[in-house]
Every structure is written in structure tokens, then in C-alpha cells.
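Trainee: let's see this in three dimensions:
(chains A and B)
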2 protein chains.
Amino acid sequence: MKTELSTALGIEHALFGFTPFPAVAAALSRAGGLGVLGAVRYSDPDDLRRDLDRLERHCGGRPWGLDVVMPAHRAAGDTEAEAEAMIPDGHRRYVQEILDRHGVPELPGDERGGWRITGWMEQVARRQLDVAFDYPVRLLASALGPPPPDVVARARGHGVRTAALAGSARHARRHAEAGIDIVVAQGYEAGGHTGEIATMVLTPEVVAAVDPLPVLAAGGIGSGEQIAAALALGAQGVWLGSLWLTTTEAELPSRALTARLLAAGSGDTVRSRALTGKPARQLRTAWTDAWDDPEGPGALPMPLQGLLVADAVSRIQRYEATPLLGTPVGQIVGSMTSERSVRAVVDDLTRGFERAVTRLHRIAGRS
Amino acid sequence: MKTELSTALGIEHALFGFTPFPAVAAALSRAGGLGVLGAVRYSDPDDLRRDLDRLERHCGGRPWGLDVVMPAHRAAGDTEAEAEAMIPDGHRRYVQEILDRHGVPELPGDERGGWRITGWMEQVARRQLDVAFDYPVRLLASALGPPPPDVVARARGHGVRTAALAGSARHARRHAEAGIDIVVAQGYEAGGHTGEIATMVLTPEVVAAVDPLPVLAAGGIGSGEQIAAALALGAQGVWLGSLWLTTTEAELPSRALTARLLAAGSGDTVRSRALTGKPARQLRTAWTDAWDDPEGPGALPMPLQGLLVADAVSRIQRYEATPLLGTPVGQIVGSMTSERSVRAVVDDLTRGFERAVTRLHRIAGRS
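Mentor: Purely as a prediction, here's the structure:
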């Protein structure tokens, strides 16, 4: 699976893997793809530094990337405290009601939720970037809107390629105008933040909109056959996220969550604002139902919803409150039915891709 | 584009085209695909007979099919009059309010809406089947649930293959158990009745679920590259509907509607119950907004909604009430930007397919 882009980046396969886990990113880079570590959960720059050290140590000298969330529009106060102050009491009570209804215990002592998701806030993202540029990062991705012009310029100065996710051709064009090097077309069926246009339609639209920039297809891709489909649509590679959640290298916060992922079907996800305040595909749970309930108060805008629910999400995970226990994941969750190593997954992907190419060749009457 | 299925059916390309227009179906069969005429609008068997005569006359002796809607569960009375009696007055007033708000005139004299959509009702569908078996129909498709066992048996007796649409692997398995020959996996991005699983995920799921039955992929397919993608996913052919709406052979009820289709982007459709009572993707209009409005009465179940709105739809079309003027269509509407003949469309599809196969071959390092 070699395209102009994979060749330019010096990787064996045009496989880009988004993951919150350094061990997964390192394993994917070692297996010939490009592992991209999600930075959103690193509120503390020292934690990020520790995990980038770990990633560097284990990636065998292969290229890797970092995904930083920098919302184009500031949605709340400058500091976490200012943002916290904007959360209505009624919403806090609603969180408590949901947890009480399911008998979820408090966190011990003065412990607070680990994933506060304040990475949504610009000043946190900027501290993450300061750390990243101390490392040989090769790709800097932005999940919500293009990074600000100074960040794009700084990346270019360091010889770091930039990528940005887009759910529509219009967003993709905005990225291209902002000087981004690679556009990730993220379809409706993807896990995490996503729009309403499906990958089959979105990919060629984005390819045409930003030509000659390279496009990665994201959403609905968890097999080599799906990779072949995405590349047939004009993508120069694929951006995979969900697939790594059930790899043996993944460090999910709870075994019960792994079990839920392995059991879920393609119809068991929902696009919900429950986790971050923006529509993100995730497992459907009693938690998403509560926030999508027209009788409830509804989710707050980003980044307030993330702050509001951070402790609750930690409690749900720690005490394995199964009916509430979810995670961002795409519709391919239905095909994630066993735990395998990243290497085994990559081997499967390349084999499936080869099979699909052979099949198409036959259908085209060329063999 | 030759697969086992296309070879078995004696067609040149594994292209199946659903259309309400006999001229389109005939042109597609002549161009080497298999045109499938939608029967839902033929309440009167004589009208169907007239159009099948026309189709036979113009298809050059090539195979063609018929799509009949037979809901598995009866949802309303046995006759149109009984069904009409089940419609609440409040819903009739709501229709009138929408039309009044947009100044849509009454139909002249005692004229009634042409597309009463009573084809949803089983006894109407059975009359259509009686007509169809008088002709050399090669494929009988069912858009909502598998046909009843006696219909499957009758088709088999006549040497007619049966196909049924499925939006999930579960529905596909039900079709296979009912003795259907071909499953059409219809993704979220498709026009008309559709589920929530995107084509990229649904196609391989359905292929695995009904193996060794052949599967056609539907939804998000309007180019040769998208056909290559669908076939890479394991489909034995593609089922295209939206694409034909802007062909020169199409007989849309209004030029304004053609203009809307040519202007619409991929984000301008919505899955709404506004037209039939079941979620169907269509152009988003003031009409769909009114029925999707949480403050409104909401759509009635099928077939009542279709009966309720039949006259209104005719009035909207006849008087070209643009803000209300819609049609079922998929997300590929964004790529439908010019009127072309069916033949020109098919030529484009085959060329795009060849390009995609060549590109994949190169990416796989085989040339």
C-alpha cells in the first residue's frame, strides 16, 4: 500500500493510526504505518513529555505524529476555572441524578477525573505543541478546524507536516487555504467528532475540493477491503482510529469497556453531544440516552460539556458502571470481535487489501 | 465490470438501476446494465401494463426488472378508503397550513394526486405482480422486507430472480431465510428508505451475513470510482437510483425539481419520515422541515403518511412551490451537476471504474 504520500513520509504502508495510547502508536509505526498519538487527554505537559519519551523509545526510529485539538472558535473562558464557572447548576444536578440512578460511587478522597478534556482549550493545546516541537514529530494533526496560522508556520519551519480533519468539502477547502498539507476526510460512520456525509460520498468530494493536496479517508475503515475502497475513491491513505481500541497494546480504562466493544454491533453506536458538546460517534449507552433525551437539559457546548462530565466519566470507568460505560468508536465496531496485536491487525489489513485488488482486477477482466 | 451475477443474468456490466421511469430503465438495459422499474406509483394495473409494453419495446430485448413494495407487516386497513379513514383531522389541517403558508393553489376540478403511493398496500402490490408475470421480467425486487413466500415461489416458478433491500445484516439474513436470490445492501447515504449504517460498513457485513448469496451495494454510488469501492467491499454489483434522476431520459414532474437536484450539495439531503412515514433520504425542504419539526404533529406511519400527503405533493410539483419541492435522493446528489443521457452516464461509470482499478494496481505495487 504505497502512495505518493506514504513514500514522501518514508513509511511502508499508507496507514495512519490515531490512538490515545503511546504503545499502540509505537507498535503501528514499527509495523510500517504511522502512529498518531492523541494529545487531548494531556492537561499536564510533563505527562505528555513522559509519553513521547516512551513513544520515541518504542517506535524503532520510525516516523510518528501527534494529534492536537485546537478549536477555531474559542467557546468559553480562558482558564479551566472560568469555564467551570459557566456550567449551570441544573446540569451538575443532572449528572448527579444519572450517576445516582445507576449507583455509581464517588471517587475516593479528593481525586478528580483523569481525562478532563481541557485539551479542547487553546492554551492547553499550545503547551502541548511546545512540548511536541522538542521531539522529532513528523505529522501534526488537528481534529477540529485548522490550527492557527502561527502554528502552521511553526510546523513548516520544523519540517513537520500538518493534517486537519474535515467533515465536508467546505471545511476541507478552509484547511487548504490555511496552508495545511494533508486533509483527513472523516465520514459520518467514523468514531469521534463527525459530520453527516458518509465516507463513500465525502472522500471523492474532498479529493476534488483540495486537489492536489493529499487526502486520507477516515470512517468505516477496519479491513483491507475497506482500505481498497477508500483508495479507489481517490484517498492517498487511510486514517484509522476505532480499530486499535481492541488491540492488545491498547490501555483502555476498564476490561468491561473492552468487553462492550467486542460485543457491540455496527448499529450500537450513536452520534451524540454527550461527551464533548459536539456530535461525536460513540457506543450508545444509558449515558448518551440521558443527554440525547428531549426531556433532559441537553449537552452544553464544547468545552463546557467535557468539563462537566470529566469526573462522572472517570467514576463510570473506575466502577465499571456497565450501562453507562461507553467510548468514542465508529460503526466498524461491529467487526471488532477479538483482541489482537497491532502487528496482527496490520498483517490482516495488508492481506485484505491484496485480496480486494485481485478481485477488482478480475472483475475488470484484466486477468 | 463482470461478476458471477452479471454473467448469470446475461448483462454486460454489474450495474442495476432503480428508476420510476420506463425510458430510463430501457436505456440502462440497452447500455448493458439492468434497468429496474419502480412499480410503487402504479395504483392502476393498466397503467403498469402500458409502461411495461413501452419498456419492452425500447429495451432492445435486454433483461429488465421490476421493483414492488410489499411491507412485511400490514400497517393499515385493507382498502384505500379504510386507510384514509384512519388519518387524524389534525394532520389534514397541518398539510393545509403548510400549503397555505406557501400559497400553493388547489388542484383543478376533482383531480387528485397522481402518486397516491398506495403501492405500499399489499393488495395493490399483488395486482402489480399479476401484471408483471405476463411479461419477460428477469428480476423482481422488494424494497421493504422480503416478499411473502408464495410470491417468492411464484417468481422461482417463472425463472425470475428475486432481490430484497436490507439496511442491516439482520434484515439481510431474514431475506436469505425467505429464499431471496440477491440482497441489496442499502447504506445510510442512499436515497429513499434507508437505515443508519453507512455503505462502507454495511456492504461487507451483509456479504458475510448471506454468503454465498450475491449482494448489490446501494447508497453513495454515482461514479466509477464509487463502483470500484463497492466491489472492493465484496459486492457483486451496484444498485444505483439517484444518479438517473438528472438523466435526459428522466421524466421528473417539474423542471424546477431538476434545477434543485442539479444545484444541491451532498449536505442538502435529510433522512425524514415526511413522504412515506418511514425514514427516507430526500432533499431537505420546507416540507421535510415541517414534518421533522418537534413542535409539529410528526409524520403518520406508513402507508397513512403517503396517503395523507399525496395530493399535497402533486400540488407542490404542479405549481412548482420551490421551497417545498423535493424528491427522494441520496447524498451523491452533490455530484449530479449536469443533465446527461443514460448512455453517457454509463460510459462515465465504466471509465471511472477502469481508472480506479489501474490506480489500485499501482498502489499495490503490481505495475
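
Trainee: just the C-alphas of stretch A:273-281, formatted as CSV.
Mentor: The C-alpha trace of stretch A:273-281 is given here as CSV (Å, rounded to 0.1, in the frame of the first residue of the first chain):
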residue,chain,number,x,y,z
ARG,A,273,-23.1,15.5,22.1
ALA,A,274,-22.9,13.6,25.4
LEU,A,275,-19.2,13.6,25.8
THR,A,276,-17.7,16.8,24.4
GLY,A,277,-20.6,19.0,23.5
LYS,A,278,-20.1,18.4,19.7
PRO,A,279,-21.7,15.5,17.8
ALA,A,280,-19.3,12.6,18.2
ARG,A,281,-20.0,8.9,17.4
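
Trainee: any low-confidence regions in chain A?
Mentor: Scanning chain A for pLDDT under 70 picks out A:71-78, A:110, A:112-121.

Trainee: helices of chain A, residue ranges please.
Mentor: For chain A, the helices defined by DSSP state H cover A:4-9, A:22-30, A:45-58, A:80-85, A:89-101, A:122-132, A:149-157, A:169-177, A:199-210, A:224-232, A:255-263, A:286-292, A:304-318, A:342-363.

Trainee: make JSON lines from those helices and add mean neighbour count and distance to B:Ala274 to it.
Mentor: (C-beta placed from N, C-alpha, C; glycine too.) Shown next, in JSON lines, are the helices of chain A (neighbours: other Cβ atoms under 10 Å in any protein chain shown; distance: least, Cβ to Cβ, whole Å):
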{"stretch": "helix A:4-9", "mean neighbour count": "16", "distance to B:Ala274": "43"}
{"stretch": "helix A:22-30", "mean neighbour count": "25", "distance to B:Ala274": "44"}
{"stretch": "helix A:45-58", "mean neighbour count": "16", "distance to B:Ala274": "49"}
{"stretch": "helix A:80-85", "mean neighbour count": "14", "distance to B:Ala274": "40"}
{"stretch": "helix A:89-101", "mean neighbour count": "14", "distance to B:Ala274": "32"}
{"stretch": "helix A:122-132", "mean neighbour count": "19", "distance to B:Ala274": "41"}
{"stretch": "helix A:149-157", "mean neighbour count": "15", "distance to B:Ala274": "43"}
{"stretch": "helix A:169-177", "mean neighbour count": "19", "distance to B:Ala274": "26"}
{"stretch": "helix A:199-210", "mean neighbour count": "28", "distance to B:Ala274": "22"}
{"stretch": "helix A:224-232", "mean neighbour count": "30", "distance to B:Ala274": "32"}
{"stretch": "helix A:255-263", "mean neighbour count": "16", "distance to B:Ala274": "35"}
{"stretch": "helix A:286-292", "mean neighbour count": "20", "distance to B:Ala274": "22"}
{"stretch": "helix A:304-318", "mean neighbour count": "22", "distance to B:Ala274": "31"}
{"stretch": "helix A:342-363", "mean neighbour count": "20", "distance to B:Ala274": "38"}
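
Trainee: make a markdown table out of the ones you listed and add distance to chain B.
Mentor: Conversion of these to a markdown table gives the following (distance: least, Cβ to the nearest Cβ, whole Å):
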| stretch | distance to chain B |
| --- | --- |
| helix A:4-9 | 9 |
| helix A:22-30 | 19 |
| helix A:45-58 | 28 |
| helix A:80-85 | 30 |
| helix A:89-101 | 20 |
| helix A:122-132 | 28 |
| helix A:149-157 | 26 |
| helix A:169-177 | 8 |
| helix A:199-210 | 3 |
| helix A:224-232 | 4 |
| helix A:255-263 | 15 |
| helix A:286-292 | 13 |
| helix A:304-318 | 21 |
| helix A:342-363 | 4 |
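
Trainee: could I get the ones you listed as TSV with distance to B:Arg340?
Mentor: Listed next are the helices of chain A as TSV, based on distance: least, Cβ to Cβ, whole Å:
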stretch	distance to B:Arg340
helix A:4-9	32
helix A:22-30	44
helix A:45-58	51
helix A:80-85	53
helix A:89-101	53
helix A:122-132	47
helix A:149-157	41
helix A:169-177	22
helix A:199-210	18
helix A:224-232	22
helix A:255-263	45
helix A:286-292	42
helix A:304-318	47
helix A:342-363	24
